[in-house]
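Visitor: Fold the following.
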Amino acid sequence: MPSILFLDVEDHDIALVRDHFPAAAFAKDLSNEDEVIDVCKGYEIISTFETAFPASVIENLPDLKLIATRSVGYDHIDLDACKERGVTVCNVPDYGSHVIAEHVFALLLSTVRHIAEGEKRVESGTFDYRGLRGMALKDKTIGILGTGRIGGHVAHIAHGFDMKILATDRCRVIELEQELGVRYVPFEELLTESDILTLHVPATDDTHHLLNDKAFMRMKDGVILINTARGSIIDSKALLKALESGKVRYALLDVLEHEHNFEENKALIKHPRVVTTPHIAFYADESMKNMYVDSFQSIDEFLSGKEPQHIIHPLSVVCDLPGAKAS
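Guide: I've put the predicted structure just below:
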C-alpha cells in the first residue's frame, strides 16, 4: 500500500479516515513551506484541505504521485507544477453546495432583519422594535454571479422568497431559466440592476478584483454584496470606498483576501456595515462527511489504476464570464 498522509484533519474526523485507511498518517498546523516539505517528504498520496502546494513545495517532494484536496477550489495547488512532475490532482466538486447557499441567506436575513442588534437590545433589557425596521426580500432583484452548483441552489432559495433573479455566467443553465425564471444578462447589467449581488465564481486571473472601483460605480446605490466564494474577487480598498460613499449598504463576507491577515483586513472587518464570518459557509456535518467520502473515492480509484473521476486538468481553470471586466 502506498504511503498516505492526511493534512488539516480535525481530531473528531480522524476516526472516519482511519476506518477507510488504517495506515494513514496525519499532520496539521504546518506553518511554512519548509515544514510542509519536511512533513510531506516520502509520501506518495497526500490529502489536503487548506495546506498550500506551490511549485516550490511540489518540486521538493519526489515521491508524490497524488494530491487529493478535500475542497471545491484548488487555487492553493500549482497545477502546472503538478503536471510537469506527473502528479495527479483531484478535488471534491460538490461536497455540499446547498449548505453554502444556505449560508448566503443566513447572512442576508440576519442582516436585513437586524437579528444581532435585536438580540443585543433585548439582552440589555430594552424590548423596543423602533429603529430596527427590516427589508423584505420579496420582489427584490438578486444578481447571481456564477450559476454552478452553489449559484443554482441560491437561485432556488431566492425563488422561494419570490425574488427577481438575474444571473451572469459563461453558459446558461436552461433548467434555471425554465423552472425559476432566471434571466441571464451581461455582467454590466447584473451590476446595474441588482439590489443584492452574490458571488459564486472561482479565483482565477479573470476574476481577480472583478469587483473594482469601476464595477462599484455601476452598481445601484445601497446594493447589498455577499461573498462566500473567494476574497480575491473583490478589491478590498474599492469596497471600503463604496461602503463609505453609501454605494454599498452592507457587505456580507464569509471570505476575505489574505483572510488570515487581520491587520490587512481590519478596516473592513470592523466597518459597521460589514458582517464577516470565518470562512464557515461550507462547514456543516453533512458537507464535511461528503468531503472525506469523495476524497476517499479519488484515492481508491487512483490506487486501483483508474483515472479518478474528479481529476483536475490545468485547462479547467479557464473562466470566461460575458463582459466580465468592468471598464
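Visitor: how about Pro62, secondary structure?
Guide: Secondary structure for Pro62, judged by DSSP: H, G, I helix; E, B strand; the rest coil, is coil.
Visitor: Now do it, the pLDDT please.
Guide: Per-residue pLDDT puts Pro62 at 97.
Visitor: What of Val72?
Guide: 86.
Visitor: Repeat that for the one 5 residues further on.
Guide: Note for Ile77: predicted pLDDT of 96.
Visitor: Next: the one 4 residues further on.
Guide: Each residue has a pLDDT score; the one for Ala81 is 97.
Visitor: so it touches Asn60, yeah?
Guide: No. Using C-beta atoms under 8 Å, Ala81 is not in contact with Asn60; the gap is 10.8 Å. Every residue, glycine included, has its C-beta placed from N, CA and C.
Visitor: What strand or helix carries the residue nearest to Arg183 when sequence neighbours are not counted?
Guide: In this structure, Arg183 finds its nearest non-sequential neighbour in Leu166, 5.5 Å apart by C-beta to C-beta, 6 or more residues apart in numbering. Secondary structure from DSSP states H and E places Leu166 in strand 164-168.
Visitor: could I get that strand in PDB with only the CA atoms?
Guide: Only the C-alpha atoms of strand 164-168 are listed here, as PDB (Å, rounded to 0.1, in the frame of the first residue of the first chain):
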ATOM      1  CA  LYS A 164     -36.500  38.500  -9.200                       C
ATOM      2  CA  ILE A 165     -33.400  36.600 -10.300                       C
ATOM      3  CA  LEU A 166     -30.700  37.800 -12.700                       C
ATOM      4  CA  ALA A 167     -27.500  35.800 -13.500                       C
ATOM      5  CA  THR A 168     -24.300  36.100 -15.300                       C
END
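Visitor: name the helices or strands packed onto that strand?
Guide: strand 141-145, helix 149-160, helix 174-180, strand 183-184, helix 187-193 (3 or more C-beta pairs under 8 Å, 6 or more residues apart in numbering; DSSP states H and E).
Visitor: This protein: strands as residue ranges?
Guide: 4-7, 25-27, 45-48, 66-69, 88-90, 141-145, 164-168, 183-184, 196-199, 223-227, 248-253, 274-276 (DSSP state E).
Visitor: Quick one: those strands as JSON lines, columns for mean pLDDT and distance to Leu109 too.
Guide: Formatted as JSON lines, the strands of the chain follow (pLDDT from 0 to 100; distance: least, C-beta to C-beta, whole Å):
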{"stretch": "strand 4-7", "mean pLDDT": "98", "distance to Leu109": "35"}
{"stretch": "strand 25-27", "mean pLDDT": "97", "distance to Leu109": "38"}
{"stretch": "strand 45-48", "mean pLDDT": "98", "distance to Leu109": "34"}
{"stretch": "strand 66-69", "mean pLDDT": "98", "distance to Leu109": "31"}
{"stretch": "strand 88-90", "mean pLDDT": "97", "distance to Leu109": "35"}
{"stretch": "strand 141-145", "mean pLDDT": "98", "distance to Leu109": "13"}
{"stretch": "strand 164-168", "mean pLDDT": "98", "distance to Leu109": "17"}
{"stretch": "strand 183-184", "mean pLDDT": "98", "distance to Leu109": "23"}
{"stretch": "strand 196-199", "mean pLDDT": "98", "distance to Leu109": "11"}
{"stretch": "strand 223-227", "mean pLDDT": "98", "distance to Leu109": "11"}
{"stretch": "strand 248-253", "mean pLDDT": "98", "distance to Leu109": "10"}
{"stretch": "strand 274-276", "mean pLDDT": "98", "distance to Leu109": "11"}
